[in-house]
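sharing a model prediction with you, sequence too.
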Amino acid sequence: MSLRVALRSLGQRACSLCVSHVTSQGGVASRTPATACVLVRQFHEDFLHRKKNMDKPTVLITGSLGQLGQGLAKLLRGKYGQYNVIMSDIIKAPDHILETGPYVYADILDFKNLQEIVVNYRVDWVVHFSALLSAIGEQNVPLAMRVNVEGLHNILELSNQYGIKLFVPSTIGAFGPDSPRNPTPDLTIQRPRTIYGVSKYYHERFGLDFRSLRFPGIISSDTNPGGGTTDYAVAIFHEALKHGHYQCYLEPDTMLPMMYIEDCLRSISEFMELPNDQLKMRTYNIQAMSFTPRILEDIVKRYIPHFTMTYKPDGRQAIADTWPMVFDDSNARRDWNWRHQYDTERLCQVMFEALVPKYRGRFVGIMKFR
Ligand SMILES: NC(=O)C1=CN([C@@H]2O[C@H](COP(=O)(O)OP(=O)(O)OC[C@H]3O[C@@H](n4cnc5c(N)ncnc54)[C@H](O)[C@@H]3O)[C@@H](O)[C@H]2O)C=CC1
Ligand SMILES: CC(=O)[C@H](N)C(=O)O
């Protein structure tokens with residue numbers, strides 16, 4: 001009997017650690033559900049330890065089912081081994097995630113839950129992705145305070161307590177209208193206007209191996225953005241292919257810094273591997289390109305000549321108007337040789353290459369693909 005079937009027969013008492021790659025567990029079904037769960041969990045943890053690459057770090061990713069986490073887990077598992085990267089989140093993982101490696105429930109507001117995971121899995125690094133993004137955060141400020149501020153505090157405490165190397169992303173949103181916007185340097189006045197920006201403004205070293213990169217809007221084809229101000233730059237490709245039309249919630253000339261997800265994930269991996277003495281700062285701006293909705297519209301039209309775009313700004317315009325237009329990442333380029341590989345043209349090309357097969361059925365004979 002497979003472990004999953006055995007657990008199902010116990011009346012869904014499986015704990016969140018019981019995932020699909022443990023294939024058989026004789027005798028589980030004959031025990032009481034609670035005992036079985038503990039046994040299975042021990043079995044599962046032992047199994048993972050035996051499978052781990054002991055000379056590589058064990059990495060816990062919080063909020064790993066979001067736009068960035070799934071790709072990073074794949075990249076790091078490729079480098080460190082499938083069982084060295086523990087994905088976590090508070091939502092149910094789809095089967096394809098459970099099949100690729102360990103996945104556990106981790107609520108960043110539950111400190112004991114986090115401690116248990118770090119101890120049981122012997123976590124060396126944490127990549128902290130759980131957050132409420134800018135637009136969603138403004139809609140529910142109290143929750144954003146809890147998740148982004150209290151949650152980060154828990155992660156800092158945890159990392160301090162267990163000597164963990166910690167990566168926490170920051171964002172262009174950590175700057176406000178009083179910062180120079182074109183370009184925005186690393187060290188300048190920071191008076192963010194959103195709760196998201198406030199929660200992403202890190203100004204201390206916290207006395208641990210804390211590393212952070214301030215990212216621009218991230219653009220990806222296989223995962224969707226989680227409710228930010230830069231989401232239009234992903235939605236435009238899907239809508240262009242599905243309907244030949246997109247209604248943009250930002251003004252045509254709103255310039256924001258952006259980055260393709262492969263550059264973003266590679267930057268995290270490179271940055272985390274740097275020796276301490278190469279880091280002159282703990283938090284760096286990084287950037288790849290800046291564009292406006294109008295610039296993107298013109299490029300999309302080259303792929304889909306009949307594509308139309310209308311503009312109906314909403315509350316996200318007010319957020320975008322306070323954010324950097326161009327990010328100065330010269331310190332990252334100087335100190336650790338940061339280089340992006342995707343500019344706006346290449347970004348559009350890879351987005352269409354990835355998404356055309358997905359929507360081909362709907363668009364046959366209409367789209368002109370270079
Ligand atoms: N996507 C982007 O354009 C940028 C993202 N970032 C930062 O990168 C990180 C990852 O971003 P995305 O993947 O885009 O975010 P996302 O919104 O797609 O994913 C966030 C994840 O956090 C999880 N989460 C929410 N509450 C939680 C809790 N209490 N405990 C545990 N998990 C919880 C959600 O279930 C979700 O899967 C965030 O910190 C974000 O601020 C920074 C700059 C740009
Ligand atoms: C730039 C970000 O941090 C994010 N995509 C958002 O728009 O909130």
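Thanks, I have the structure now. Numbering: from 1, shown residues only. Ligands and ions are numbered 1, 2, ... in the order given.

tell me how many other residues surround the residue of the stretch 1-150 of the chain found nearest ligand 1.
The stretch 1-150 of the chain approaches ligand 1 most closely through residue 66 (2.0 Å), counting by Cβ to the nearest ligand atom. Bear in mind the C-beta positions are built from the backbone N, C-alpha and C, glycine included. Using other Cβ atoms under 10 Å, residue 66 has 21 other residues around it.

which of the helices or strands spans it?
Using DSSP states H and E, residue 66 sits within no helix or strand.

tell me who's in contact with the nearest residue to it once chain neighbours are set aside.
Excluding the flanking residues, the one nearest residue 66 by Cβ to Cβ, 6 or more residues apart in numbering is residue 226, at 5.1 Å. Counting by Cβ atoms under 8 Å, 6 or more residues apart in numbering, residue 226 touches 66-67, 133, 136.

coming back round to it: and the residue of the stretch 1-150 of the chain closest to ligand 1, what is it in contact with?
Contacts of residue 66 by Cβ under 8 Å, 6+ apart are 89, 129-130, 223, 226.

just the residues you listed now: which is nearest residue 298?
Nearest to residue 298 out of these is residue 223 (Cβ to Cβ; 26.0 Å).

before we move on, what SS does the closest one have?
Three-state call for residue 223 (DSSP: H, G, I helix; E, B strand; the rest coil): coil.

and the nearest residue to it once chain neighbours are set aside, how far from residue 122?
The shortest distance from residue 223 to any non-neighbouring residue, by Cβ to Cβ, 6+ apart, is to residue 67 (4.6 Å). Remark: distance between residue 67 and residue 122 (Cβ to Cβ, to the nearest Å) = 28 Å.

more neighbours, the two?
The neighbour comparison of residue 67 against residue 122 (other Cβ under 10 Å) goes to residue 67, with 23 against 13.

just want the residue of the stretch 201-350 of the chain that's nearest ligand 2.
For the stretch 201-350 of the chain, Cβ to the nearest ligand atom, closest residue to ligand 2: residue 228, 2.3 Å.

checking that residue next. Helix, strand or coil?
Classified using three-state DSSP, residue 228 is coil.

hmm, residue 138 and it touching each other?
No: in this structure, residue 228 is not within contact of residue 138 by Cβ atoms under 8 Å, at 10.5 Å.

kindly report the residues of this structure close to ligand 2.
133-134, 171-173, 196, 217, 228-230 (Cβ under 6 Å from any ligand atom).

near ligand 1 too, which of these?
Near ligand 1, by the rule Cβ under 6 Å from any ligand atom, you find 133, 171, 217, 228, 230 out of the residues of the chain next to ligand 2.

can you redo the residues you listed as JSON lines with neighbour count and pLDDT?
Shown next, in JSON lines, are those (neighbours: other Cβ atoms under 10 Å; pLDDT from 0 to 100):
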{"residue": "133", "neighbour count": "22", "pLDDT": "98"}
{"residue": "171", "neighbour count": "29", "pLDDT": "98"}
{"residue": "217", "neighbour count": "24", "pLDDT": "98"}
{"residue": "228", "neighbour count": "24", "pLDDT": "98"}
{"residue": "230", "neighbour count": "27", "pLDDT": "98"}
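
of all those residues, which comes closest to residue 354?
residue 217 (17.5 Å).

not counting its neighbours along the chain, what's nearest the closest one?
Per Cβ to Cβ, 6+ apart, closest to residue 217 is residue 230, 2.6 Å.

let me see the contact set for the one you found.
For residue 230, the contact set (Cβ under 8 Å, 6+ apart) comprises 216-219, 256, 258.

nearest residue to residue 233 in space, please, no chain neighbours.
That would be residue 219: by Cβ to Cβ, 6+ apart, it lies 5.3 Å from residue 233.

likewise for residue 72?
residue 265 (5.1 Å).

can you tell me the centre-most residue of this structure?
residue 68 (2.5 Å; Cα atoms, centre = their mean).

that one: what's it in contact with?
129, 169, 218, 220, 223, 261, 264-265.

and if you look at residue 131?
Taking Cβ under 8 Å, 6+ apart, one finds 63, 147-148, 151, 196, 199 in contact with residue 131.

for ligand 1, what are the nearby residues on the chain?
Counting by Cβ under 6 Å from any ligand atom, the chain sits next to ligand 1 at 62-63, 65-69, 89-91, 106-109, 129-131, 133, 147, 151, 169, 171, 215, 217-218, 225-226, 228, 230.

just those residues: which are in helices?
Counted as lying in helices by DSSP state H, out of the residues of the chain next to ligand 1, are 69, 151.

quick one: low-confidence residue ranges for the stretch 101-250 of the chain.
Within the stretch 101-250 of the chain, the stretches falling below the threshold (pLDDT under 70) are 204-206.

and the residue of it closest to ligand 1?
residue 226 (2.2 Å).

so how far is residue 133 from that residue?
5 Å.

what does residue 290 give?
Distance of residue 290 to residue 133, given as Cβ to Cβ: 19 Å.

ok, back up a step: mind putting the residues of the chain next to ligand 2 in TSV, distance to residue 81 included?
Output for these, formatted as TSV (distance: Cβ to Cβ, whole Å):
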residue	distance to residue 81
133	30
134	35
171	30
172	33
173	34
196	34
217	31
228	32
229	36
230	33
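
wait, which of those residues is closest to residue 244?
Nearest to residue 244, judged by Cβ to Cβ, of the residues of the chain next to ligand 2 is residue 230 at 22.6 Å.
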